[in-house]
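Colleague: have a look; sequence and predicted model below, questions after that.
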Amino acid sequence: MNMKKTIKDYDLNGKKVIIRCDFNIPMSNGIILDDTRIRASIKTIRYAINNGASVILLSHLGRVKTDEDKKCNSLYPVSLALSNILKKEVLFSPETRGKELSRMVSELQSGDILLVENTRFEDIDGNKESKCDKRLSKYWASLGDIYINDAYGACHRNHASVTGIPLYIPSGIGFLVEREIKKINGILELNTHPFITILGGKKIEDKTKLIESLVKISDKLIIGGAMSFTFLKVLGYNTGKCIISEDNLSFCKKILDNYKEKIILPVDFVCEDAIKEIDEFDDNDIGYDIGPKTIRLFDGELKDAKRVILNGPMGMFEDSRYANGTRKVFNILGKYKIKTVIGGGDSASAVNNLGFNDLFYHVSTGGGATMKYLEDRKLVGIEVIEDAEK
Ligand code: ADP
Ligand code: 3PG
Ligand code: MG
């Protein structure tokens, strides 16, 4: 990826700066359950207002297909949270386009901040945001002088507010996007070994390209979580009623055939009533977490590791009975002081919920975006930004 212009490359004084953030945060009945992504956006917003800009914030929240979806996906609570953190008023536009929004924008003074309602409200009528509608992109671009993409978690989306606007006005990346890429490149480019990838979670179908690209560059690939059952089934084990991706059996076989010596799979699991070794499984068994022998096996593999990329929890950690495997793996990474990048929406929430926030070299704010970047080191939302001058 070429070097990109950043917010620091622009004179912001007196300018209207559109900052695309990723405020797609977990929310229930208007209550924000985790504000990590809001806090992660503050540095760029503060920099812009401290340098004399007025700021127009854009973000999506959730998936909006019907009027019903609008009710629980308003960004209004985010404007209150931002105002709390920044200790200043944050204006809110309930419109995503129209006269009222244009009026609010035209009245912005240097230092003002305006958050616009969920960009995906534009999806109700013809998926204009998600299909990167040209007129919508041009309209949003017309509201500002400069576009800054700081929505790292959405950088893999070819959407109007991500890849559309920067086609029409000068553009750059914000501090969060810059930091995420620097950290992930940092671990990929280090030449320290052993370099181990740990994969878990359950979505093999979403992660085949990721598995292929990471297994090539890693010295070992440790697989836990529900994902391991499809690999174990290929090896001939009875996987009972565990989640299996039938469509990916041949993919898993190919990976096992080509990289046999690199792949480490669990040997035991926590089932509902007992801990069972994989060769003891019967037709009704379901494994919800990795077992103690597996944790010892992974510990041995990780003892000398210098770098780790982890994506996906080791078990169904949301249920405290099945959080031990994920917690123990985090402990092992801390105990051996391994330089670790964690990517994946559920993995980052496991880090937060299990109390490991400050332990790692980098916990990404991106789920799909980080997976996509690890696959081929490209994100459409960054590619479209202007190159830095050499
Ligand atoms: P990420 O969002 O970090 O990329 P995934 O979305 O692939 O991770 O998977 C996370 C989900 O996988 C979690 O909801 C977790 O409960 C589930 N999971 C992991 N292991 C198991 C298991 N053994 N059985 C059922 N669910 C599991
Ligand atoms: C995320 O949460 O991964 C990003 O905000 C992107 O959200 P999306 O998967 O709904 O596009
Ligand atoms: Mg997930």
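Modeller: Structure's in. What do you need? Ligands and ions are numbered 1, 2, ... in the order given.

Colleague: so residue 383 touches residue 1, yeah?
Modeller: Yes - counting by C-beta atoms under 8 Å, residue 383 touches residue 1, with 7.3 Å between them. C-betas here are computed from N, CA, C, even on glycine.

Colleague: and the chain, which residues reach ligand 1?
Modeller: 200-203, 225-226, 243, 287-288, 311-313, 315-318, 344-347, 367 (C-beta under 6 Å from any ligand atom).

Colleague: in three-state terms, label the residue of the chain found nearest ligand 2 for me.
Modeller: In the chain, the residue that lies nearest ligand 2 is residue 24 (3.3 Å; C-beta to the nearest ligand atom). Per DSSP: H, G, I helix; E, B strand; the rest coil, the local secondary structure of residue 24 is coil.

Colleague: please name the nearest non-neighbouring residue to it.
Modeller: By the measure of C-beta to C-beta, 6 or more residues apart in numbering, the closest residue to residue 24 outside its immediate chain neighbours is residue 61, 5.4 Å from it.

Colleague: residues contacting the one you found?
Modeller: With contact set as C-beta atoms under 8 Å, 6 or more residues apart in numbering, residue 61 has these partners: 23-25, 27, 73-75, 78, 118, 120.

Colleague: just these: which has the poorest pLDDT?
Modeller: Ranked by pLDDT, the contacts of residue 61 bottom out at residue 27 (90).

Colleague: contact partners for that residue?
Modeller: By C-beta under 8 Å, 6+ apart, the neighbours of residue 27 are 33, 61, 72, 77.

Colleague: quick check on it: phi, psi?
Modeller: When read as degrees, to the nearest 10, the backbone of residue 27 gives phi -140, psi 140.

Colleague: all strands of the stretch 1-150 of the chain, in order?
Modeller: For the stretch 1-150 of the chain, strands defined by DSSP state E, counting those that start in this stretch occupy the ranges 16-20, 27-28, 31-32, 54-58, 91-93, 113-116, 146-149.

Colleague: so which of the residues of the chain next to ligand 1 sit within strands?
Modeller: Among these, DSSP state E puts residue 311 in strands.

Colleague: filter the residues of the chain next to ligand 1 down to the buried ones, ChimeraX style.
Modeller: A single ChimeraX command selects the buried members of the residues of the chain next to ligand 1 (16 or more other C-beta atoms under 10 Å):
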select :200,201,202,203,225,226,287,288,311,312,313,315,316,317,344,345,346,347,367
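
Colleague: ok, residue 219 touching residue 193?
Modeller: Yes - using C-beta under 8 Å, residue 219 is in contact with residue 193, at 5.7 Å.

Colleague: which one of the two has more residues nearby?
Modeller: Each of residue 219 and residue 193 has its neighbours counted (other C-beta atoms under 10 Å); residue 219 has more, 16 against 12.

Colleague: now for that one: which residues touch it?
Modeller: 193-196, 262.

Colleague: quick check: the residue of the stretch 151-300 of the chain found nearest ligand 3 vs residue 37, distance?
Modeller: Relative to ligand 3, the nearest point of the stretch 151-300 of the chain is residue 201 (6.1 Å; C-beta to the ion). Remark: distance between residue 201 and residue 37 (C-beta to C-beta, to the nearest Å) = 20 Å.

Colleague: now swap in residue 4 and tell me
Modeller: Computed with C-beta to C-beta, the distance linking residue 4 and residue 37 is 21 Å.

Colleague: neighbour count for the two, which is higher?
Modeller: Neighbour totals were compared for residue 4 and residue 37, and residue 37 leads with 23 against 20 (other C-beta under 10 Å).

Colleague: all strands of the stretch 251-390 of the chain, in order?
Modeller: Going by DSSP E, counting those that start in this stretch, the stretch 251-390 of the chain shows strands at 263-264, 268-270, 275-277, 289-290, 307-311, 339-343, 362-363.

Colleague: what packs against the fourth one?
Modeller: I take that to be strand 289-290. Contacting strand 289-290 under the criterion 3 or more C-beta pairs under 8 Å, 6 or more residues apart in numbering; DSSP states H and E are the following elements: strand 268-270, helix 324-335.

Colleague: output the last one as CSV - backbone C-alpha positions only.
Modeller: Taking Å, rounded to 0.1, in the frame of the first residue of the first chain, the C-alpha atoms of helix 324-335 are listed here in CSV:
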residue,chain,number,x,y,z
ASN,A,324,-11.8,-20.5,30.6
GLY,A,325,-10.0,-21.6,27.4
THR,A,326,-10.1,-18.1,25.9
ARG,A,327,-9.0,-16.6,29.3
LYS,A,328,-6.1,-19.1,29.7
VAL,A,329,-4.8,-18.5,26.2
PHE,A,330,-4.8,-14.7,26.9
ASN,A,331,-2.9,-15.5,30.1
ILE,A,332,-0.4,-17.6,28.3
LEU,A,333,0.3,-14.7,25.8
GLY,A,334,0.8,-12.4,28.7
LYS,A,335,2.9,-14.8,30.7
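
Colleague: sorry, back to before: pick the most buried one from the helices and strands packed on strand 289-290.
Modeller: For these, the largest average neighbour count (mean count of other C-beta atoms under 10 Å) is found in strand 268-270, namely a mean of 25.

Colleague: pairing partners for that one, with directions?
Modeller: strand 275-277 (antiparallel), strand 289-290 (antiparallel) (DSSP bridges).

Colleague: tell me which of those sits most buried.
Modeller: Stretch with highest mean neighbour count among those: strand 289-290 (a mean of 30; mean count of other C-beta under 10 Å).

Colleague: so how far is that strand from its chain's centroid?
Modeller: What separates the centre of strand 289-290 from the centre of its chain is 23 Å, taken as C-alpha atoms, centre = their mean, to the nearest Å.

Colleague: what's it in contact with?
Modeller: Contacts for strand 289-290 (C-beta under 8 Å, 6+ apart): 224-225, 266, 268-270, 298, 314-317, 321-326.

Colleague: I'd like the average pLDDT over it.
Modeller: Mean predicted lDDT for strand 289-290 stands at 98.

Colleague: how about the residues of the stretch 151-300 of the chain that lie near ligand 2?
Modeller: 153-154, 157.
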